[in-house]
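Novice: Pasting the sequence and the predicted model now:
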Amino acid sequence: MKILLLADIHGYENELKEILKGPFNEIDLVICAGDLTDMYRIPEGFSQADMVDTILQKMFVLNKPLLCIPGNHDPYESIDVFESYGVNLHNKIRKIKGIEFLGFGGAETPFNTIFEPTEQEIEKSLAKHKPTPSNFILVVHQPPKNTKQDRLSTGQHAGSAVIRKYILEKQPMLATSGHIHEGQGVDYLNKTVLFNPGPVFEGKYGIIDIEDKKVTCKVKTAALAGK
């Protein structure tokens with residue numbers, strides 16, 4: 001299976017459009033790991049839910065299966081929009097090409113953003129789902145704590161202790177995240193591969209290859225006009 005991973009679009013439609021020029025003919029699945037929109041970048045006359053819809057329409061041009069979770073900047077209504085298009089992965093398990101995907105969006109921050117589930121809410125959601133051991137992928141917006149993915153430019157770690165604990169206990173083959181823009185790249189928690197593709201608004205995206213449960217992840221950068 002080959003997956004296109006997108007995260008942290010923050011409403012930058014043109015940058016997303018440039019990335020989606022591909023070529024992505026061999027892609028089996030597109031995953032968006034949250035922050036499709038930005039609470040501070042809403043065009044006049046539009047709601048954030050409208051912008052979620054707009055961003056989804058951009059991704060639909062690939063004509064590939066799509067799974068999405070919300071980020072901390074996305075409105076709670078985004079889940080309804082995802083559901084209306086059949087792409088919601090938040091608080092759900094979906095199975096595609098024999099691999100299970102478990103998702104949970106949002107992230108706690110010091111900035112009072114829109115979608116901020118508590119550690120207790122994350123723990124409760126993950127505990128109620130029973131993915132097949134070693135044959136599932138965890139898709140979250142907030143990365144696990146004390147990893148390369150959650151390290152800020154200041155050196156502080158801003159990840160989730162609950163997500164870290166869950167990964168160590170359940171050992172998914174892969175755990176994808178976004179949220180921490182400078183946390184792009186690959187890391188590991190025991191046998192689990194951790195991957196943050198970097199923010200779409202910087203032209204970043206990720207390509208994931210899975211063959212016989214072996215996971216390979218690469219950060220890619222699209223050429224952006226004027227940048």
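Specialist: On my side now, so go ahead.

Novice: Look at the residue of the chain positioned farthest from its centre and tell me its secondary structure.
Specialist: Going by C-alpha atoms, centre = their mean, the residue of the chain most distant from its centre is Gly45, 27.4 Å out. Assigned with DSSP: H, G, I helix; E, B strand; the rest coil, Gly45 falls in the coil class.

Novice: Next one: it relative to Met51, how far apart?
Specialist: 11 Å (C-beta to C-beta, to the nearest Å). C-beta coordinates here come from the backbone N, C-alpha and C atoms, glycine included.

Novice: again with Lys165
Specialist: 34 Å.

Novice: out of the two, which sits in the busier spot?
Specialist: Set Lys165 next to Met51 and count neighbours by other C-beta atoms under 10 Å: Met51 wins out with 23 against 15.

Novice: That one: what's it in contact with?
Specialist: Gly11, Leu36, Thr37, Ile42, Pro43 (C-beta atoms under 8 Å, 6 or more residues apart in numbering).

Novice: in this protein, which helix has the most residues?
Specialist: helix 48-60 (DSSP state H).

Novice: just checking, next helix/strand downstream of it?
Specialist: Per DSSP states H and E, helix 48-60 leads on to strand 66-68 as the next helix or strand towards the C-terminus.

Novice: Does anything pack onto whichever helix or strand comes after that next one? Which helices or strands?
Specialist: Counting by DSSP H and E, the element after strand 66-68 in chain order, helix or strand, is helix 77-85. Judged by 3 or more C-beta pairs under 8 Å, 6 or more residues apart in numbering; DSSP states H and E, helix 77-85 is in contact with helix 48-60, strand 66-68.

Novice: Report the angle between helix 77-85 and helix 48-60.
Specialist: 40 degrees (axes from the mean of the first three to the mean of the last three C-alpha atoms, to 10 degrees).

Novice: And helix 77-85, what's buried?
Specialist: Within helix 77-85, the residues that count as buried by 16 or more other C-beta atoms under 10 Å are Glu77, Ser78, Ile79, Val81, Phe82.

Novice: avg pLDDT for that helix?
Specialist: The average pLDDT within helix 77-85 is 98.

Novice: And stretch 208-224, by the same measure?
Specialist: Stretch 208-224 shows an average pLDDT of 94 in the prediction.

Novice: circling back: among the contacts of Met51, name the buried ones.
Specialist: Burial by neighbour count, judged by 16+ other C-beta under 10 Å, picks out Gly11, Leu36, Thr37 from the contacts of Met51.

Novice: so what's the closest residue to the second one other than its chain neighbours up against?
Specialist: The reference is to Leu36. Closest residue in space to Leu36, ignoring its immediate chain neighbours: Ile55 at 4.4 Å, by C-beta to C-beta, 6 or more residues apart in numbering. Counting by C-beta under 8 Å, 6+ apart, Ile55 makes contact with Ile9, Gly11, Glu13, Leu16, Leu36, Thr37.
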